[in-house]
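Student: Compute the structure for the input listed below.
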Amino acid sequence: ARQHGAMEFSDAPVDLDTVRRYRLQRLRTKMAELEVAGLLLFNQINTRYAVDATNMQIWCSHYETRCVFVSLDGPVVLFDYSNHPHLAEDIPTLDEYRVLPAFYFFGAGNRGVEVVKEFAGQILDLMKAHGGGNKRLAVDSLSHTGCDALRARGLMLVEGEQITETARAVKSNEELILMNASMDVCQAGIQSMHEFLQPGITENALWAKLHETNIRLGGEWIETRLLSSGPRTNPWFRECSMRRIEKGDLLSFDTDLIGPYGYCSDISRAWICGDCATDEQRRLYGKSYEQIEHNISILKAGMSFREVSEKCWPIPDEFLSHRYSSLIHGVGLADEYPNIKHLNDFEAEGYDGLLEEGMVLCVES
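Tutor: Reported below is the predicted structural model:
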């Protein structure tokens, strides 16, 4: 199968065309459940899932400059930011390549309101030709300009994220193999960081080791910079800085790494810079370990999200105010559905659903 992007000129561990066909069928299954004739994707994680187009994903996420139209009973069309069809050659799930009429402000300025009419007209033509009279179009993420133009053409817009998130949630066996390839790269990056860690280096310098390993081994990017040391570790969510790590510091990080084949490795680690942890550091680490191991042990297919929340490790009062926002969440091409809330937060913020075979879950602490 043809590869594009970071892993080109290497041998994939699975048939990528099998992965591509599975993912497209997942989308179409969810489209049928919501009775939509078309699915319009601008979120670059979703376009990757639909057709495995990899070029310039980060740049294209800044603007509405690449999208994919998926017909329930017709073609899949990639609208790209420029006329470079060689970037999507030999992808079996892609039927047609077009250049997107640039209606976003950077590309069109004040002409966008006119250019968007051309784009909406092309989507309408596809819906008419392949929708069987069904005017329901699911859209994942689109500006008011684009949405207004599509509605002006008589199309009924439906929320598309519920299609993409639930489709992506269940992985094929081949996807699991690709996720393991991403995690192998992530673990290699973590090992590189561990070997480099010493008093006096900056948090940024340590974090750079993860980036270097990921890029060198065919990974793609890292979503955050969540690494902090010493007094910066709690409360959580500070990103890495020019602070110099000191001997005896507790160091914590969350990889959020998009590795080979576009799959996310969401792995957290906590280390001591130096040989010995204090008794208090050991106590805190032990509580986190206890929480994660317990929560892993209760998971099984068929459980409701509420049941998971009820059976998970009860957080002691001393840690409750700084609890993580998510108890357990899905992971695939990025952090994704489901997002299971702590029991304390379930009534106010949670939603229910069922754990399914093939879901990949990240257990937080």
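
Student: can we go C-alpha only for contacts and neighbour counts from here?
Tutor: Noted.

Student: Please report the distance of the residue in the chain sticking out farthest from the centre from residue 120.
Tutor: Outermost residue of the chain with respect to the C-alpha centroid, by CA atoms, centre = their mean, is residue 279; its distance is 37.2 Å. According to CA to CA, to the nearest Å, residue 279 stands 63 Å off from residue 120.

Student: what do you get for residue 242?
Tutor: The gap separating residue 242 from residue 120 is 48 Å, by CA to CA.

Student: These two - which one has more neighbours?
Tutor: More crowded of residue 242 and residue 120, by other CA atoms under 10 Å: residue 120, with 21 against 10.

Student: wait, isn't the more buried one in contact with residue 154?
Tutor: No. Counting by CA atoms under 8 Å, residue 120 does not reach residue 154; the two are 10.2 Å apart.

Student: Report the spatially nearest residue to residue 226, omitting neighbours in sequence.
Tutor: residue 239 (4.4 Å; CA to CA, 6 or more residues apart in numbering).

Student: Which residues are in contact with each of residue 120 and residue 154?
Tutor: Common neighbours of residue 120 and residue 154, using CA atoms under 8 Å, 6 or more residues apart in numbering, do not exist here.

Student: pretty sure residue 360 is touching residue 328, no?
Tutor: No. In this structure residue 360 lies outside contact range of residue 328 using CA under 8 Å: 10.3 Å.

Student: okay, these two: which has more neighbours?
Tutor: Neighbours were counted for residue 360 and for residue 328 using other CA under 10 Å; residue 328 has more, 25 against 20.

Student: How confident was the prediction at that one?
Tutor: Listed pLDDT for residue 328 reads 98.

Student: Quick check: it vs residue 136, distance?
Tutor: 33 Å.

Student: The helix or strand encompassing residue 123: which residues count as buried?
Tutor: Using DSSP states H and E, residue 123 falls within helix 112-130. Using 16 or more other CA atoms under 10 Å as the test for burial, helix 112-130 gives 112-113, 115-120, 123-124, 126-127, 130.

Student: now swap in stretch 216-236 and tell me
Tutor: 217-222, 225-230, 232-233.

Student: for stretch 5-16, same thing?
Tutor: By neighbour count with 16+ other CA under 10 Å, stretch 5-16 contains the buried residues 5-7, 12, 16.

Student: Let me have these in JSON lines, adding secondary structure as columns.
Tutor: Listed next are these as JSON lines, based on DSSP: H, G, I helix; E, B strand; the rest coil:
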{"residue": "5", "secondary structure": "helix"}
{"residue": "6", "secondary structure": "helix"}
{"residue": "7", "secondary structure": "helix"}
{"residue": "12", "secondary structure": "coil"}
{"residue": "16", "secondary structure": "helix"}
